[in-house]
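K.L.:
Model the structure of this input:
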Amino acid sequence: MTDQTPAPAAPAYTGPRRILSGIQASGALHLGNYLGALKRFVELQDQGAPVFVFVADMHAITVWQDPAKLAAQTREIAAAYLASGLDPAKSIIFPQSSVRAHADLAWVFNCVARLGWLDRMTQFKEKSGKHKERASVGLYTYPVLQAADILLYKATEVPVGEDQKQHLELTRDIAQKFNNDFGVPGFFPVPEPVIQGPATRVMSLRDGAAKMSKSDPSDNSRINLTDDADTIASKIRKAKTDPAPLPETLDELNDRPEAKNLVAIYAALAGLTREQVIAEFGGQGFGAFKPALADLAVASMAPVTAEMRRLLNDPTEIDRVLADGAQRATEVADPVIAEVKKIVGFWG
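P.N.:
Numbers count the residues shown, from 1 in each chain. A predicted model of the protein is given here:
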């Protein structure tokens, strides 16, 4: 082989299509979680591909969690999954910690990933702030556990928000390095991100430059999934805007973050593009647009809220779904971790 001859491409992964994602068990889900994650999970489920959706309770404890609240928060996330339309007959819904292979594979990947890769992770820098020596080791290595979450089920697609794209790139690097280091080309897939829809990153109702967050001290900055109809409508009416009417082209929205956010929310809830929303409301003031958005938000979210409350008032159904999902997830994960241990050279 000459220097000019390209090396043969490594065999690609040939396993089945699988989709995986999860939400941290830290409670207080909001409209951003619904539009950016839950609604998309349901759309992918309804396409017919196997969907694994977990409650990330292991990730939650990278920062302090009240143990008495953690189980309740796990049920709340699971209730949101079910209320949003995830069907446990079609999707596998489970708590991350109930499948021991997540931790097993994370350790192997800790020994595959490179320190320099983790040093580049911007989320750790943001969350640890100026006192990173006080942050938990788990917060630093959290992206490696995330890679284990994904690759344990050999997921080929991962719905992610813009803030998680870097972590998925790390997962791809780990998959490729494991396959290369141990001479098992195509063993792990190199998963692709699924970023779709007009509201993949929902912003605060009080500040269009800040992401909608449960940690924001202002409850009016977000629409919680447990808010009733009157509260939802009130928060939309109070949402920060500017005095100009809605523009007639998308380009004119770029310098108007609050208007851009509300248009994106309307589009996502209505199943429209932002262009279609502008075509309908362009030139109108927020006095006309906000009531329409409030009505749409109430109509879209009220059924989810009602079903969440029903489930949380009687958690027996939630626990049954989680237990069944944990068993089904384990049945998929155990053969993968057994093969990984054999590849690595662990005894037995």
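K.L.:
Tell me the helix or strand right after the helix-or-strand element of the chain with minimal mean pLDDT.
P.N.:
Least confident helix or strand of the chain, by mean pLDDT, DSSP states H and E, is helix 122-128 with a mean of 72. Note on helix 122-128: by DSSP states H and E, the next helix or strand toward the C-terminus is helix 137-151.
K.L.:
got a list of contacts for the next helix or strand after that next one?
P.N.:
Tracing the chain past helix 137-151, the next element assigned as helix or strand by DSSP H and E is strand 157-159. Under the criterion C-beta atoms under 8 Å, 6 or more residues apart in numbering, residues 17-21, 37, 40-41, 44, 49, 150, 168, 171, 191-196 lie in contact with strand 157-159. Just so you know, the C-beta spots here come from the backbone N, C-alpha and C atoms, and that holds for glycine as well.
K.L.:
Buried only: go through those for me.
P.N.:
Buried members of the contacts of strand 157-159, counted by 16 or more other C-beta atoms under 10 Å: 18-21, 37, 40-41, 44, 150, 168, 171, 191, 193-195.
K.L.:
I'd like to know which of those residues is nearest to Val277.
P.N.:
Arg40 (18.8 Å; C-beta to C-beta).
K.L.:
pretty sure Ala229 contacts Ala302?
P.N.:
Yes - counting by C-beta atoms under 8 Å, Ala302 is a contact partner of Ala229 at 5.3 Å.
K.L.:
So which residues make contact with the least confident helix or strand of the chain?
P.N.:
Residues outside helix 122-128 that contact it (C-beta under 8 Å, 6+ apart): Val63, Leu118, Lys132, Arg134, Ala135, Leu139, Tyr140, Tyr142, Pro143, Asp163, Gln166, His167.
K.L.:
Run a quick neighbour tally on the third one.
P.N.:
Residue crowding around Lys132 was assessed by other C-beta atoms under 10 Å; the count is 12.
K.L.:
and if you look at the second one?
P.N.:
Residues contacting Leu118 under the criterion other C-beta under 10 Å number 16.
K.L.:
Just the terminal-to-terminal distance for stretch 26-35.
P.N.:
18 Å (C-alpha to C-alpha, to the nearest Å).
K.L.:
Please state the offset of it from the chain centre?
P.N.:
10 Å (C-alpha atoms, centre = their mean, to the nearest Å).
K.L.:
Please identify the buried residues of stretch 324-338?
P.N.:
For stretch 324-338, the neighbour count (16+ other C-beta under 10 Å) marks Gly325, Ala326, Arg328, Ala329, Val332, Ala333, Val336, Ile337 as buried.
K.L.:
helices and strands around the helix or strand where the last one lies, which ones?
P.N.:
Ile337 is part of helix 316-344, with elements assigned from DSSP H and E. On a contact count with 3 or more C-beta pairs under 8 Å, 6 or more residues apart in numbering; DSSP states H and E, helix 316-344 meets strand 51-56, helix 67-84, strand 91-95, helix 101-110, helix 286-313.
K.L.:
how does it look with 10 Å?
P.N.:
Applying 3 or more C-beta pairs under 10 Å, 6 or more residues apart in numbering; DSSP states H and E, one finds that helix 316-344 makes contact with strand 51-56, helix 67-84, strand 91-95, helix 101-110, helix 137-151, helix 165-181, helix 286-313.
K.L.:
Quick one, which of the ones you listed gets closest to Asn220.
P.N.:
Using C-beta to C-beta as the measure, helix 286-313 is the one of the helices and strands packed on helix 316-344 that comes nearest Asn220, at 13.5 Å.
K.L.:
and the gap between Pro291 and Ile343?
P.N.:
Here the criterion is C-beta to C-beta, to the nearest Å. By it, Pro291 lies 60 Å from Ile343.
K.L.:
Neighbour count: the two, which is higher?
P.N.:
When Pro291 and Ile343 are compared on other C-beta under 10 Å, the one with more neighbours turns out to be Ile343, at 16 against 13.
K.L.:
still on that earlier bit, turn the helices and strands packed on helix 316-344 into CSV, including mean pLDDT.
P.N.:
Putting these into CSV (pLDDT from 0 to 100) gives the following:
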stretch, mean pLDDT
strand 51-56, 96
helix 67-84, 94
strand 91-95, 97
helix 101-110, 98
helix 137-151, 93
helix 165-181, 93
helix 286-313, 94
